[in-house]
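Colleague: build me a structure from this.
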Amino acid sequence: MASEKPPAAEQGSGRHETEELTGTVEHIIYRSEDTGYTVSRVRARGHEEPVTVVCTAAAIWEGESLQARGKWVRHQRHGYQFQADDIVCLEPVTPEGIERYLSSGMIKGIRKELARRLVEKFGIDTLRIIENESRKLEQVEGIGAHRRDLIKHSWDEQKAVRDIMIFLQSHGIGIAQAARIHREYGSDAIAVVKENPYRLARDIWGIGFKIADKVAMSLGIELESPVRARAGVLYVLQTMADDGHCFCPKEELIQSAETLLGISILVLEEALEAEIAAATLIADGDDVYLAQMYFAEKSVADSACRLISSEAKFKPIDVSKAVPWAEGRMELAFAPAQVLALEMALSRKVSIITGGPGVGKTTIVKALVDVFGKRKLEVQLAAPTGRAAKRMEESTGQGAKTIHRLLKYQPNTGLFDYGPDNLLEGDIFIIDEVSMMDLQLAAVMLRAIPDHGCLILVGDVDQLPSVGPGNVLRDLIESGVIPSVRLDQIFRQAERSWIVHNAHRINAGEALETPDAGADADFFFIPADGPDQVIERLMDLMIKRIPERFGLDTMKEVQVLTPMRRNQLGTINLNGVLQDALNPVGPSIERFGRRYRQGDRVIQIRNNYDKEVFNGDIGMVYRVDEQEQELVVKFDGRSVSYAITECDELDLAYACTIHKSQGSEYPAVVLLMTTQHYKLLQRNLLYTGITRGRKLVCLVGQPKAIYMAIGNNDIVMRRTGLRERLRTLEE
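Modeller: Numbering: from 1, shown residues only. Down below sits the predicted model:
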């Protein structure tokens, strides 16, 4: 990467003096999308061989002229490098530099061959013609009106983004974040940030208060400014919401804000009162809510009680006849708890069915659909995620939708078509995987159900709670207001499953039991001591043992799960290792060091309502257009296009976190668990991970870590008021 010998100016001096370096960027070796940290090879004036320049910069492109100030340093592994503290990039002025510049991928629609033809035609005027006389581009073979418009738009956008990035980076914001800011605010980005930098924390995904505060300080906002105090109070509450809480006691809120901001309690109390007066926060006794959390919690309680107290519009179903009829139709005999669940769901306006794997929740939902169908009642089936809705549809034979699709979410307005003023049509509403449903989603769902509608909620209360705020399923059950039945009998077919057997042992706090070596089983524990050995075992499973023994396609049917994103056994590192091993070649595009290759398994990491893909959806990269710098991902058979600037919404998904896997099932799961994950080792985490596998689970790791997880049943209680609101309304 770098020279073993120091540059002439440095030889023998023993000093590291500030110098200037000018040259042309030949190659980008590495660039961090998050921080802008860049390693490049530069053909520098006064140096025979290209030198390595290390810097943090808004954007550097191959072919650009570079002017840098910094010092020569010797890296222990890579030799001498020029560490630039200040850097200026200029558009290239030579034909060779312009061709390399345009070939770098910076301009959508231009790749190497087209860059060559452009420079052959226009020479050193190429960049000027792209910017000011773009119609002339159509004189070049391969460029029509559409491609010309694409090139001009991309050029203008790139220049605007560069200006914004330079401004934002000067205030401590990285490249990926700057790109999101530009997408949100467009050409007004600099003006918006100058006016109120704390808007960044509210409006831009991935930017929190600390980054916004750093920008604000660099723009001269006072330490005890009311604007800063109000933003800090909101940030503390939002952070708690990110951890699942719906409110915070006032005294704790002020103390946390004081610790964060380092300003007086008096200023913070005034800021809190100002936010309450502005109705962005709601005080409920001594507790303080974000307004949206307060109204969502109140709405769930009000809607549940409204549905309970109203009457269905159909005649009561005779459960003494319906249950035997369903048994005959399905050719089975229900267990006692299943009979109770059926009788409850058929006779009550609102009810809850819960239980672990293999206890027949799906069977009950199928029976309910059949019974209601026999009565010609309209049944609506829904779930929080596309995968859960698809499983529901497959098991019942009736169409099911995501909650967003059922309610017809409109991404351009952020609103739903269905709600209190436009109620859903239907008699029965069955919602599956309710443990995943956060407070706000539950609120919009329940508000849209008509008074006469019957609501049946199904889910596993022992799984991890929703990613978003609230603990809806547990609160509804523990309130005692809504009737519920827990299914606990494992059925004969499931009894033969070691996955189901061990899931229930974990839930009971009991040690795992594993089959004998060589047994025909669906659950295996593979001991490994330390991260290196875990990865070695993982690669053996993915490349050889699982495909050969079970005939499974590791690219499509095997999901690696791990508790964390960071560290050697986190998803970031594992995805790179697995991509190199399972999908090393093929068409690809790169966005600041992150490569997306045709055939890659990817996961959506934020909700995108325009594309109708949601946080946690997993797909396959179906096609990569290296020329247009676009890729197409298939999610459950539906194609979704991404421009390269949108790829920060996608992560590789050969490995994903257990939290991200909620609501999904996979043919096979390889679950990693070591003491490296000690902060997250909890019973419900291990339980959730194991229950994601349908045909096979391979648990790889340290026995000590498994014992730690099973023994830790200290569920972090979320601050929610839903139970008490329901009880109060019921009284």
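Colleague: only C-alpha atoms for contact and neighbour calcs from this point on.
Modeller: Noted.
Colleague: wait, Ile28 touches Thr52, no?
Modeller: No: contact between Ile28 and Thr52 fails when scored by Cα atoms under 8 Å: they sit 9.8 Å apart.
Colleague: overlap in contacts of the two?
Modeller: Common neighbours of Ile28 and Thr52, using Cα atoms under 8 Å, 6 or more residues apart in numbering, are 39-41.
Colleague: of the residues you listed, which belong to helices?
Modeller: Assigned to helices by DSSP state H, none of the shared contacts of Ile28 and Thr52 qualify.
Colleague: by neighbour count, which of those wins?
Modeller: Across the shared contacts of Ile28 and Thr52, neighbour numbers were computed from other Cα atoms under 10 Å; Ser40 holds the maximum, 24 neighbours.
Colleague: which element is the residue nearest to that residue when sequence neighbours are not counted on?
Modeller: Once flanking residues are discounted, Ser40 sits nearest to Ile28: 4.4 Å by Cα to Cα, 6 or more residues apart in numbering. Following DSSP states H and E, one finds Ile28 within strand 19-31.
Colleague: and that strand, which residues are buried?
Modeller: Judged by neighbour count using 16 or more other Cα atoms under 10 Å, the buried positions of strand 19-31 are 21-28, 31.
Colleague: which elements pack onto that strand?
Modeller: Judged by 3 or more Cα pairs under 8 Å, 6 or more residues apart in numbering; DSSP states H and E, the packing partners of strand 19-31 are strand 37-44, strand 65-75.
Colleague: name every strand pairing with that strand and say which way it goes.
Modeller: Using DSSP bridges, the strands paired with strand 19-31 are strand 37-44 (antiparallel), strand 65-75 (antiparallel).
Colleague: put the alpha carbons of that strand into CSV.
Modeller: C-alpha atoms of strand 19-31 as CSV (Å, rounded to 0.1, in the frame of the first residue of the first chain):
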residue,chain,number,x,y,z
GLU,A,19,4.4,19.8,4.1
GLU,A,20,2.4,20.5,1.0
LEU,A,21,1.6,17.8,-1.5
THR,A,22,0.0,18.2,-4.9
GLY,A,23,-0.9,15.5,-7.5
THR,A,24,-3.6,13.5,-9.2
VAL,A,25,-5.7,10.8,-7.5
GLU,A,26,-5.0,7.5,-9.3
HIS,A,27,-6.9,5.0,-7.2
ILE,A,28,-9.2,5.0,-4.1
ILE,A,29,-8.1,2.1,-1.9
TYR,A,30,-10.6,2.6,0.8
ARG,A,31,-13.3,5.0,1.8
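Colleague: so how far is that strand from its chain's centroid?
Modeller: 34 Å (Cα atoms, centre = their mean, to the nearest Å).
Colleague: show residues contacting that strand.
Modeller: By Cα under 8 Å, 6+ apart, the surrounding residues in contact with strand 19-31 are 37-45, 61-71, 97, 100, 592-593.
Colleague: quick check: mean pLDDT of it?
Modeller: Here strand 19-31 scores 85 as its mean pLDDT.
Colleague: now stretch 48-58
Modeller: 83.
Colleague: can you redo the shared contacts of Ile28 and Thr52 as a markdown table with pLDDT and distance to Asp318?
Modeller: Compiled in a markdown table, the shared contacts of Ile28 and Thr52 are given as follows (pLDDT from 0 to 100; distance: Cα to Cα, whole Å):
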| residue | pLDDT | distance to Asp318 |
| --- | --- | --- |
| Val39 | 89 | 73 |
| Ser40 | 89 | 76 |
| Arg41 | 90 | 79 |
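Colleague: distance of Glu727 from Gln662?
Modeller: You called it Glu, but residue 727 is Arg. 29 Å (Cα to Cα, to the nearest Å).
Colleague: repeat for Asp610
Modeller: 23 Å.
Colleague: low-confidence stretches in the stretch 101-250 of the chain?
Modeller: 105-106, 161, 165-166, 169-170, 172, 174-176 (pLDDT under 70).
Colleague: wasn't Pro357 part of a strand?
Modeller: No: using DSSP: H, G, I helix; E, B strand; the rest coil, the assignment for Pro357 is coil, not a strand.
Colleague: for it, report the pLDDT, please.
Modeller: 83.
Colleague: ok, it - contacts?
Modeller: 490, 500, 503-504, 691.
Colleague: let's go with 6 Å and repeat that
Modeller: Contacts were defined as Cα atoms under 6 Å, 6 or more residues apart in numbering; by that measure Pro357 touches Val500.
Colleague: run a quick neighbour tally on Ala271.
Modeller: 23.
Colleague: any idea how far it lies from Tyr289?
Modeller: 15 Å.
Colleague: report the buried residues of stretch 699-709.
Modeller: For stretch 699-709, burial by neighbour count (16+ other Cα under 10 Å) applies to 699-703, 705-709.
Colleague: so how far is stretch 469-480 off the chain centroid?
Modeller: Distance, centroid of stretch 469-480 to centroid of chain: 24 Å (Cα atoms, centre = their mean).
Colleague: may I have that stretch as CSV, with CA atoms only?
Modeller: What follows is stretch 469-480, C-alpha atoms only, in CSV (Å, rounded to 0.1, in the frame of the first residue of the first chain):
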residue,chain,number,x,y,z
PRO,A,469,-41.6,1.6,21.9
GLY,A,470,-44.1,-0.3,24.1
ASN,A,471,-44.8,-3.9,25.1
VAL,A,472,-48.3,-4.2,23.6
LEU,A,473,-48.9,-7.9,23.8
ARG,A,474,-47.6,-8.3,27.3
ASP,A,475,-49.4,-5.2,28.5
LEU,A,476,-52.7,-6.3,27.0
ILE,A,477,-52.4,-9.8,28.6
GLU,A,478,-51.3,-8.5,32.0
SER,A,479,-54.0,-5.9,32.2
GLY,A,480,-56.5,-8.7,32.7
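Colleague: and Asp540, which of the three is it?
Modeller: Applying three-state DSSP: Asp540 is helix.
Colleague: what about it, neighbour count?
Modeller: Asp540 has 12 nearby residues by other Cα under 10 Å.
Colleague: one more: Lys315?
Modeller: Around Lys315 there are 8 other residues, counting by other Cα under 10 Å.
Colleague: equivalent analysis for Tyr235, please.
Modeller: Counted by other Cα under 10 Å, the residues lying close to Tyr235 total 20.
Colleague: ok, residues contacting the helix or strand hosting it?
Modeller: Using DSSP H and E, Tyr235 falls within helix 226-242. Residues from elsewhere that reach helix 226-242 (Cα under 6 Å, 6+ apart): 257, 268, 271, 469.
Colleague: mean confidence for stretch 258-274?
Modeller: Computed over stretch 258-274, the average pLDDT equals 94.
Colleague: go through that stretch and flag the buried ones.
Modeller: So, applying 16+ other Cα under 10 Å, buried residues of stretch 258-274: 258, 261, 263, 267-269, 271-272.
Colleague: all helices of the stretch 301-450 of the chain, in order?
Modeller: 319-330, 336-347, 361-374, 386-396, 403-406, 439-447 (DSSP state H, counting those that start in this stretch).
Colleague: mind listing residues that contact the fifth one?
Modeller: The set of residues that contact helix 403-406 without belonging to it, under Cα under 6 Å, 6+ apart, is 382-384.
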